[in-house]
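Asks: Let me see the structure of the following:
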Amino acid sequence: MKKLLLWCFTLLSALITNAQDSTVMPHKLTFNGYIKDLQTLTFDKDFSDLIAGNLIHNRINVKWKPSGKITGVAEFRTRLFWGEEVKLTPHFTSLLKNENEVIDMQKIWIENTSLILLTNVERLYFDYSNDKLSLRIGRQRINWGLTTTWNPNDIFNAYNFLDFDYEERPGVDAGKIRYLFGNSSNIEFAYSLTDKKNGSVGAVKYALNKWNYDMQLMAGWYHNQMTAGAGWAGSIKDVGFKGEAQYFFAGKDSLAHLNVALEGDYMFKKGWYLNLGILFNNRGLNKPVSNWSNLDFVLSPENLMPTKWNLIVTGAREITPLLSVNVTVLYSPGTNLTIFYPSIQYNIATNLDVNFVWQSFYAGQDHGFEAVNHRAFVRLKWNF
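Replies: Numbers count the residues shown, from 1 in each chain. Have a look, this model is predicted:
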């Protein structure tokens, strides 16, 4: 498969060279990005033993479009962490690495017991597209998910829905080819490498529109397991209806695994948006948790949640053009895990927003629910 990636890169280079001679638009280089300041306070269950976290986060996006068919993209993410959270978290720097990236393009400028400054190349790819064919190679995000909170079909780069500060979501080092058969169907093949043993991921996806539903079928392999899945997105009258299912076949050193996500959403006349979702993870925990550390929130395509059954409800509303609110509650029957996750966003000025976010975690005990910990966030974001 490494030879296939090399072949794709050679083909893309030839297409770029040919496209330079027949430019549809003039050379164009664009820049944008943001600077964010995120302050975090973590409390224990009794709102004591407060731990402060500090993060200044910068992203710079560069896009080069030498013709109508060719696009080059480079995006850089620089983060400065300091304070108690760094000091009290073992191996803090190792937790910042994207395990889906095979090429190390991360530079640690400063690293000591209480301060870390690092830059990572988040995207670096060339894209060639014409009326039928699209070819992209490099560090990119492969978006195969259709639902909102959990995406079983997103086997290349799963994300953690609790990480609200990472809007772009993680990427992979991959090659991707898509061919359009018409306005309603296409086929796509993608292959990615990681730095793990047997860590490659490859799959083919066929997408079509039928009965006013976007549908997809996919099959391939994830690390050392064969996998197959399906997804759909449409509506039943005025209610949106989406779903995804992914099955990982048993392998020599692995068990069979099934993830299924169902989702419905509705927009009320007075502006309230409601989203209901359910995730089934057949290998997740399904009994009350006595040790909080048993719940692993380092999520992956196989482990979209550490619990077996997961129900989520989200309500959102734009109160004014400048102010919006969002309230999410997640409940996992069996473990009785509950997450309360409200947020408020206010537009202070043009391109300047402030967010207030709260996350409370509760675990079910014999005598009822007991708080595990709470996290409060204040984020200031300036787009440029």
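Asks: C-alpha only now, for contacts and for neighbours.
Replies: Will do.
Asks: At which residues are the helices of the stretch 201-350 of the chain located?
Replies: With DSSP state H, counting those that start in this stretch applied, the stretch 201-350 of the chain shows no helices anywhere along its length.
Asks: which intervals of it have sub-threshold pLDDT?
Replies: Using pLDDT under 70 as the threshold, the predicted model of the stretch 201-350 of the chain has low-confidence ranges 292-294.
Asks: again, only this time at 50
Replies: Across the stretch 201-350 of the chain, no stretch falls below the confidence threshold (pLDDT under 50).
Asks: Would you mind extracting the C-alpha trace of stretch 219-228 into CSV?
Replies: Extracted as CSV, the C-alpha positions of stretch 219-228 are listed here (Å, rounded to 0.1, in the frame of the first residue of the first chain):
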residue,chain,number,x,y,z
ALA,A,219,-15.9,-2.0,3.5
GLY,A,220,-12.2,-2.3,4.2
TRP,A,221,-9.8,-2.9,7.1
TYR,A,222,-9.0,-1.1,10.3
HIS,A,223,-5.5,-2.0,11.6
ASN,A,224,-5.6,-5.8,11.6
GLN,A,225,-9.4,-6.2,11.4
MET,A,226,-11.8,-6.4,8.4
THR,A,227,-14.7,-4.0,8.7
ALA,A,228,-17.9,-3.1,7.0
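Asks: tell me which residues in it are buried?
Replies: Ala219, Gly220, Trp221, Tyr222, His223, Asn224, Gln225, Met226, Thr227, Ala228 (16 or more other CA atoms under 10 Å).
Asks: Would you mind confirming that the third one makes contact with Gln246?
Replies: Same thing as Trp221. No: at 11.4 Å, Trp221 does not count as touching Gln246 under the criterion of CA atoms under 8 Å.
Asks: joint contacts of the two?
Replies: Both Trp221 and Gln246 are in contact with Thr227, where contact means CA atoms under 8 Å, 6 or more residues apart in numbering.
Asks: which non-adjacent residue is nearest Asn286?
Replies: Taking CA to CA, 6 or more residues apart in numbering as the measure, Asn286 lies nearest to Gly334, with 4.6 Å between them; neighbours along the chain are not counted.
Asks: Identify the residues contacting the one you found.
Replies: Applying CA under 8 Å, 6+ apart to Gly334 gives the contacts Leu285, Asn286, Lys287, Pro288, Trp309.
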